[in-house]
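Trainee: Sequence and predicted structure, then a few things I'm wondering about:
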Amino acid sequence: MIESEHLTYRKLSPGDLPWLIEMRTPEPVSRYLGGSKFQNPESLATRLKFYIECCDKFGFGVCAMILKETGEWIGTSGLQPLEETGEIEVGYNLSEKFWRQGYGYECAMAWLTYGFEKCGLERIVAVAYPENVGSWKIMEKCGMTYQTTEPHYGIDCVFYAVTRDEFLRTQ
């Protein structure tokens, strides 16, 4: 699919469910992904099918992020339709031990570039819990701007967006 300086991104497969559960269910990670309501084996099995279907249908979706240097799987990231609106959302999450190392920014930039340059998207959005400062700071660093706070995934989220022209002007 795509790669960036330190990361490769691989389409997920049904056999990746145990890893996805292990990576997303610890409280520090799950708290910003809807908690145990969304990060449990049953919900993640459904979500994994959605990720795979997105890749097949659109040519993009949420993928595994793998460190090039070690081959270690460190999280997921990608583009997908935002459930409530259908707009294309960039999303990313990392295992806690990989937080604050620049991988969130690296993957977000890689997916924004891919979405605008390879997929011809005109606008990409992102949402995060308001208290997830790290996530929305990544959005801002990527050139996305705050639009509003509104419900997504069952909770009020900050909503950011960037158009192709805005993004390409900053590169």
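Mentor: Arrived safely.
Trainee: For the closest residue to T170 other than its chain neighbours, give its distance to P81.
Mentor: Of all residues not flanking T170 in the chain, G143 sits nearest, at 4.4 Å (Cβ to Cβ, 6 or more residues apart in numbering). (C-beta placed from N, C-alpha, C; glycine too.) For G143, the distance to P81 equals 21 Å [Cβ to Cβ, to the nearest Å].
Trainee: in the helix or strand harbouring F167, what's buried?
Mentor: For F167, the host element (DSSP states H and E) is helix 164-169. Across helix 164-169, burial judged by 16 or more other Cβ atoms under 10 Å covers 164, 167.
Trainee: do the same with stretch 139-156
Mentor: By 16+ other Cβ under 10 Å, the buried positions in stretch 139-156 come out as 139, 142-144, 152.
Trainee: just the residues you listed now: which is nearest A108?
Mentor: Distance to A108 across the buried residues of stretch 139-156 (Cβ to Cβ) is lowest for C142, with 5.1 Å.
Trainee: ok, now how distant is the nearest residue to the closest one once chain neighbours are set aside from Y160?
Mentor: Excluding the flanking residues, the one nearest C142 by Cβ to Cβ, 6+ apart is A108, at 5.1 Å. To Y160, A108 is 11 Å away according to Cβ to Cβ.
Trainee: Now list whatever residues contact both of these two.
Mentor: Counting by Cβ atoms under 8 Å, 6 or more residues apart in numbering, the contacts common to A108 and Y160 are 126, 139.
Trainee: which residues are in contact with the helix holding F167?
Mentor: Counting by Cβ under 8 Å, 6+ apart, 112-113, 116, 121-124, 142-143, 145 sit against helix 164-169.
Trainee: Put the buried members of the residues you listed into a PyMOL selection.
Mentor: The buried residues among these can be selected in PyMOL (16+ other Cβ under 10 Å) with this line:
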select buried, resi 112+113+116+121+124+142+143
